[in-house]
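**Student:** Make a model of this:
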Amino acid sequence: MKNNQGFGKLITVEDYWIKLCWEYDKLKKEPHNTFKAFNFVITAYHLLEWIAPKPLGAQNKEWPQIKQNIKHLKVCEQLANGAKHFEVDKSRHKLVKKLESYGYVEDGYVEAGYFEEQIIITLSDSTVLTILELAESLISDWKNELVNRDYQIKDTPNTHI
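**Tutor:** As a prediction, this is how the structure comes out:
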């Protein structure tokens, strides 16, 4: 870490992109895993602060445009902030109506892997997304945003930091 910035070997925006891709790969393998979904959402939202740091006590003027460029970033923001405060449907957050984990049968009723749970996000306009649909959209849009900002990112980054 140099100049007290970053976290260990996570120093650049490109490093943070690699972390986001790593989180995405983990989530794709276990899309029903709440821990992996939570980690992905937190990382996906906070990439915003890496590419456009917010001045102390002030608003960042780039954030509204970035949030418009990345289709589901506001959903991601609500999930990330709502989850850390234990209230996904807090009154100031209007996009996400509910976040649920569905399974077809009770745990232990059939052997593991027979039926998988899904993490489902219902938006206020009744749109329904799985966590993987949300993640795929965020990865695609973040990649475009970073490329448009001339960051040197890889399609399949080396995730061994």
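**Student:** ok, the most centrally placed residue in the chain - contacts?
**Tutor:** In the chain, the centroid-proximal residue (CA atoms, centre = their mean) is V41; its distance is 2.5 Å. Under the criterion of CB atoms under 8 Å, 6 or more residues apart in numbering, the neighbours of V41 are C76, L79, A80, A83, L134. Backbone N, C-alpha and C define where each C-beta goes, glycine included.
**Student:** so what pLDDT did the third one get?
**Tutor:** If I follow you right, that is A80. Note on A80: pLDDT of 87.
**Student:** what helices or strands is the helix or strand hosting it leaning on?
**Tutor:** Counting by DSSP states H and E, the element that carries A80 is helix 73-84. Helix 73-84 is packed against helix 34-51, helix 63-69, strand 96-102, strand 118-123, helix 131-148, with contacts defined by 3 or more CB pairs under 8 Å, 6 or more residues apart in numbering; DSSP states H and E.
**Student:** hey, which of these is tucked in deepest?
**Tutor:** The highest mean neighbour count among the helices and strands packed on helix 73-84, using mean count of other CB atoms under 10 Å, belongs to helix 34-51: a mean of 20.
**Student:** returning to that earlier point: need the helices and strands packed on helix 73-84 in TSV (columns: distance to E23).
**Tutor:** Listed next are the helices and strands packed on helix 73-84 as TSV, based on distance: least, CB to CB, whole Å:
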stretch	distance to E23
helix 34-51	4
helix 63-69	19
strand 96-102	18
strand 118-123	14
helix 131-148	9
